[in-house]
Structure formats: structure tokens, C-alpha cells
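K.L.:
Please find the sequence and the predicted model below.
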Amino acid sequence: MNRPRHSSGGLARSAGGTTAKGLVVIVAAVALGIFLLNRGTDGSTAVAVGGPDDTTSTTTATTVAGTTGTTVAGTTGTTAAAGGSTPTSTAGGTTGTTLPAGSTRPPSEVKVQVANAARVPGAAGAATDQLSVLGYAVGTPTNYTGTETLDRTRIHYRLGFLQEAMNLAVSLDLDPQSDVFDMPAELPIEDAGEDPDLLILLATDLAQPTG
């Protein structure tokens, strides 16, 4: 009768193989832990969890050249000038709006009086009506008291109303440089008591007779 044989060598080989695999796994785990530890000490990138949308976001800190001790983190579209100056920016537009050069009072705050210097009947009244439509505060139409008939319209302005006079000259197709003058001390018009801001001496170039 034959007895069964035990294969002890096969079991030894299996145990040895299992032990070797275990050592490989342990070494790999240690190496991975060292790698992750080294990554965690690198300060170039900070990870913030739970941003505005409850998502993970990465913010990179950037030092702006030319500034002293200034670190801008996560900013977009902001430029700092070299030399340490600090720029000011406002999202969505600019602030501190100021009137552009040459801005003037609105027509409703400018009183204009027209004097007929063309000897054309009704011309001063017609011009006054047109200025009223443009929004000017108009005075009573009157006549020029000079002895000559003017062929070029003039605009006289009182102190502080030069720009308004120049703008009105442009509106009337006059030359704002050569057709605009200071207000004389004594106005050369009839009934000179209304103290206009602008006085138009209406000449034959712009005078329009009424029907």
C-alpha cells in the first residue's frame, strides 16, 4: 500500500513569493509618502478649498516688479507701474468724472440780446425767436445805435462768458476767433438796461427780414 507524498517544497516557494511581494508594496508606499511630503513643502502653489462656488481653486502668488513688499494674489488685469508707484483702477469704468475742457453753461443760463445793425426791419426779432428755440434766455430785440451799417455780425461777451460766445459763434457759422469781442463799457444799443451775457450786433450777413 503506497502512502501519499507531501510536497513541502511547493509551499515554501509560495510563502517566499508572498513575502517578497509584501516587501515591494511596503517600499513603494514609503517612497510615495516621501514624494508627497516633499511636494507639500514647496511653497510656490497654495491650494484653497471651498472657493466662491464650493470648488477647489488654485491661487498663485505673484510679486509685482518695481513695488516694495507688495504681493498680489489672484488678481487679474491690475498693472503696477515700475518705480514703486501705485495705480488706481476701478472695475467697470472710471471714477471722478470731470467736465472736459471747453465745457460751458447750458443755453438756458445764458442771456442773449440781439441788436439790429443791418437796418433790416424785423431782423432782430426773427433772430431772437431762433435763439429762443435753441434754448437761450433771450432779451428784448433792439437796434444798434452806431451810424454805420454792419456787414459782419459780432458777438460781445461779458466777463466769464467767452466760451459761451465762441460756441454761439460756431452755431451761427461765424468765426469764434475774429467775430467775438469783449463787452464794451457802454452798449451801443437802444434801451441798454437789460445787462445781457452776450450781445449780438446782427449784421447784413445774417439778417433775415420778416414777411
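P.N.:
The structure has been received and is ready for your questions.

K.L.:
residue boundaries of the helices in this protein?
P.N.:
For the chain, the helices defined by DSSP state H cover 8-40, 123-133, 162-171.

K.L.:
Quick one: residues contacting residue 115.
P.N.:
124, 141, 142, 143, 144, 188, 189, 190, 199, 200, 201, 202 (C-beta atoms under 8 Å, 6 or more residues apart in numbering). Placement of C-beta: from N, CA and C, glycine included.

K.L.:
what about it, distance to residue 104?
P.N.:
22 Å (C-beta to C-beta, to the nearest Å).

K.L.:
ditto for residue 145
P.N.:
Distance of residue 145 to residue 104, given as C-beta to C-beta: 29 Å.

K.L.:
quick one: which of the two has more around it?
P.N.:
Between residue 145 and residue 104, counting by other C-beta atoms under 10 Å, residue 104 is the more crowded of the two (16 against 13).

K.L.:
so where's the protein uncertain?
P.N.:
Within the chain, the segments meeting pLDDT under 70 span 1-25, 27, 30-103, 211.

K.L.:
rerun that using 90 as the cut-off
P.N.:
1-104, 191-192, 208-211 (pLDDT under 90).

K.L.:
what about the strands in it?
P.N.:
Under the criterion DSSP state E, strands of the chain are mapped to 46-48, 57-59, 61-63, 71-73, 111-116, 137-138, 142-143, 154-157, 180-182, 198-202.

K.L.:
Touching the last one from outside, list them.
P.N.:
The one in question is strand 198-202. Residues from elsewhere that reach strand 198-202 (C-beta under 8 Å, 6+ apart): 110-118, 123-124, 127, 144, 150, 153-158, 161, 164-165, 168, 183, 187-189.

K.L.:
That one to helix 123-133, inter-axis angle?
P.N.:
Per axes from the mean of the first three to the mean of the last three C-alpha atoms, to 10 degrees, the angle that strand 198-202 makes with helix 123-133 is 140 degrees.

K.L.:
Walk me through which strands strand 198-202 pairs with, and which way each runs.
P.N.:
strand 111-116 (parallel), strand 154-157 (antiparallel) (DSSP bridges).

K.L.:
Could you work out which of those strands reaches nearest to residue 132?
P.N.:
Taking C-beta to C-beta, strand 111-116 is the member of those nearest to residue 132, at 9.1 Å.
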